[in-house]
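Engineer: Pasting the sequence and the predicted coordinates here, then a few questions.
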Amino acid sequence: QNEKNVVPTAVKVNLINMLSETGLQVIEATSFVSPKWVPQMADHTEVLQGINKLPGISYPVLTPNLKGFQAAVAAGAKEVSIFGAASELFTRKNINCSIEESLERFEEVMKAAREANIPVRGYVSCVLGCPYEGKISAAKVAEVSKKMYSMGCYEISLGDTIGVGTPGSMRDMLAVVMKEVPVGALAVHCHDTYGQALANILVALQMGVSVVDASVAGLGGCPYAKGASGNVATEDLVYMLNGLGIHTGVDLQKLMDTGTFICNALNRKTNSKVSQASCRL
Amino acid sequence: GLPEYIKIVEVGPRDGLQNEKVIVPTDTKIELINQLSKTGLPAIEVTSFVSSKWVPQMADHKEVMRGIERYPGVQYPVLTPNLQGFHSAVSIAAGATEVSVFGAASESFSKMNINCSIEESIERFEEVTKSARNMNIPVRGYVSCALGCPYEGNVVPDKVAEISKRLYSMGCYEISLGDTIGVGTPGSMKKMLEAVMKEIPLSALAVHCHDTYGQALANILTAIQMGVAVVDSSVAGLGGCPYAKGATGNVATEDVIYMLNGLGINTGVNLCAVMEAGNFICTALNKKTNSKVAQASFNFSFCRL
């Protein structure tokens, strides 16, 4: 969604199929959002129906509202995600309503998901800083996280949306959030815009977080800083976890091969340093 | 807890420029060092007194030493691989007041890099430290391949501890442990530091991490969590990796400072001033910065806020 070049449906399907062979257990497949807003995800139904759904692997999709949820379920989705934020201004600019109003929308999705027995993952954006508000209080992050957890999200992914966080702010934010949401239900979604992602993830792990979001080849630039990077590269994350002796079940070589495939398709260089270095060694 | 203050040793003008494809004119080097001197950095590695036959990029070592402004409170160490280099560095013509010697924890690397065994290199360094002691000149010791070797692969932590101890015992005031090919992770950093810390006091240790596999900041964080309070870095992440074509090398000073600022650790360094120096040298080298902070800040007007 955050790459300049839009890829054909077949490429998306192949990417997800290749990722399914790496040992990854969760692959976020697409977004059931109006193509008017997110044209890159217009083929959501074709993608979800086109991929090989391997047993033991979850393929969550984004559903910003009840309409999206219903379309997702009709297309065969077995898990969905909703995106909140710890910043009022960001919520206004991003989805054109207040935090409170967004939570009301999510409540509708939660109700329907409960009835359909579909797990819902909650994202909280701007947990370490906002492109509009600047500093974000840890208390606000905890408040929004708690609300989303209480309404039934099984997991809350805390997103450093513009990558401004450091191990210091990560530690301070998590300390407050962990008072409201059990650490077993927490995930971190770090952006590498300022090169801090792996250090931030390391701190989160040290505090007991054991779910980490990442993007193959570091796909996805930062829409708030032209030319800057966004998502942390899955290859670099797995390299670090391997070095720490932490089990992930992921085959790094297969992951790198998948990264090579999608970068060729996008006609761009990888954002993964492990991939860059390994070309020679 | 974390150190309250961390000393940043800026290696861009030497380690950085030595490992860049484009060779810059002497004036550009001098301008870069002068700009860095104004940032608050306490130590700036200026050049290398090595035969220009081996390292042509540093052939102008005397001119650079003569040309730079020496700011009070800033150290300007230079590399001196042997006694000849040392004499040249401390001569009146060059006027070095601090020098560095480079050992390695790998026999293969030592042979391939400086054409002798580790033991022979130690003997050479001893000549340098002996002369340096007589002249009251501090010597910093580097240990390369502390977390892995491009030829031998795995490097045993005890070997790193052994070489570090030899360098420290002969009089080096500080030992900089280098992850030369950037293969280290927080796991291997911790094990290596535990072994070295049995032999060398913490206050005499520094880490020199390469970002070739994107692990540098996580490795540095691990080191400082263990109490290390000296970190080497290179403005704009200058200096690629000679062992992996197209891959990066030195960690960017800007990115290190950004992290330390966020941790509330004092460095005395002005991040914006470093970014300006980085911008200057990247323009001169006609290349993009390797610093993610610099890349991102270009858009955020970071320093004007």
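Structural biologist: Okay, I see it. Numbers count the residues shown, from 1 in each chain, chains lettered A, B, ... in the order given.
Engineer: which helices and strands does the longest helix along chain A pack with?
Structural biologist: Longest among the helix segments of chain A by residue count, using DSSP state H, is helix A:99-116. The contact analysis (3 or more Cβ pairs under 8 Å, 6 or more residues apart in numbering or on different chains; DSSP states H and E) places helix A:99-116 against helix A:66-74, strand A:80-85, helix A:88-95, strand A:120-125, helix A:138-150. Glycine gets a C-beta too; all of them are placed from N, C-alpha and C.
Engineer: Of these, which shows the lowest average pLDDT?
Structural biologist: Mean pLDDT is lowest for helix A:88-95 among the helices and strands packed on helix A:99-116, at a mean of 93.
Engineer: Just want the angle from it to helix A:138-150.
Structural biologist: For helix A:88-95 against helix A:138-150, the angle by axes from the mean of the first three to the mean of the last three Cα atoms, to 10 degrees is 50 degrees.
Engineer: Quick check: the residue of the stretch 101-250 of chain B nearest chain A.
Structural biologist: residue B:185 (2.5 Å; Cβ to the nearest Cβ).
Engineer: Residues of chain A that sit close to chain B?
Structural biologist: A:163, A:165-169, A:192-196, A:198-199, A:201-203, A:222, A:224-229, A:233, A:236, A:239-240, A:242-245, A:272-274, A:276-281 (Cβ under 8 Å from any Cβ of the partner chain).
Engineer: mean confidence for the longest helix of chain A?
Structural biologist: Helix A:99-116 comes out at a mean pLDDT of 97.
Engineer: can you check stretch B:269-278 too?
Structural biologist: pLDDT averaged over stretch B:269-278 gives 97.
Engineer: Repeat that for stretch B:183-194.
Structural biologist: The model assigns stretch B:183-194 a mean pLDDT of 98.
Engineer: Please report how far the residue of the stretch 101-250 of chain B closest to chain A lies from residue B:191.
Structural biologist: Taking Cβ to Cβ, to the nearest Å as the measure, residue B:185 falls 10 Å from residue B:191.
Engineer: Which of those two has more residues huddled nearby?
Structural biologist: residue B:185 (25 against 15; other Cβ atoms under 10 Å in any protein chain shown).
Engineer: which residues sit in contact with the more buried one?
Structural biologist: A:239-240, A:242-244, B:213, B:215, B:218-219 (Cβ atoms under 8 Å, 6 or more residues apart in numbering or on different chains).
Engineer: Please list only the buried members of these.
Structural biologist: Neighbour counting by 16 or more other Cβ atoms under 10 Å in any protein chain shown classes A:239-240, A:243-244, B:213, B:215, B:218-219 among those as buried.
Engineer: Out of those, which sit inside helices?
Structural biologist: A:239-240, A:243, B:218-219.
Engineer: coming back round to it: would you mark the buried spots in the longest helix of chain A?
Structural biologist: Neighbour-count burial for helix A:99-116, counted by 16+ other Cβ under 10 Å, picks out A:99, A:102-103, A:105-106, A:109-110, A:112-113.
Engineer: which pair in the residues you listed spans the largest distance?
Structural biologist: Using Cβ to Cβ, the buried residues of helix A:99-116 span at most 20.9 Å, a distance reached by A:99 and A:112.
Engineer: circling back: distance to residue A:147 added to the contacts of residue B:185, as CSV?
Structural biologist: Listed next are the contacts of residue B:185 as CSV, based on distance: Cβ to Cβ, whole Å:
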residue, distance to residue A:147
A:239, 36
A:240, 32
A:242, 36
A:243, 37
A:244, 33
B:213, 39
B:215, 36
B:218, 32
B:219, 37
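Engineer: picking that back up, okay, the helices and strands packed on helix A:99-116 in CSV with mean neighbour count next?
Structural biologist: Output for these, formatted as CSV (neighbours: other Cβ atoms under 10 Å in any protein chain shown):
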stretch, mean neighbour count
helix A:66-74, 19
strand A:80-85, 24
helix A:88-95, 18
strand A:120-125, 24
helix A:138-150, 20
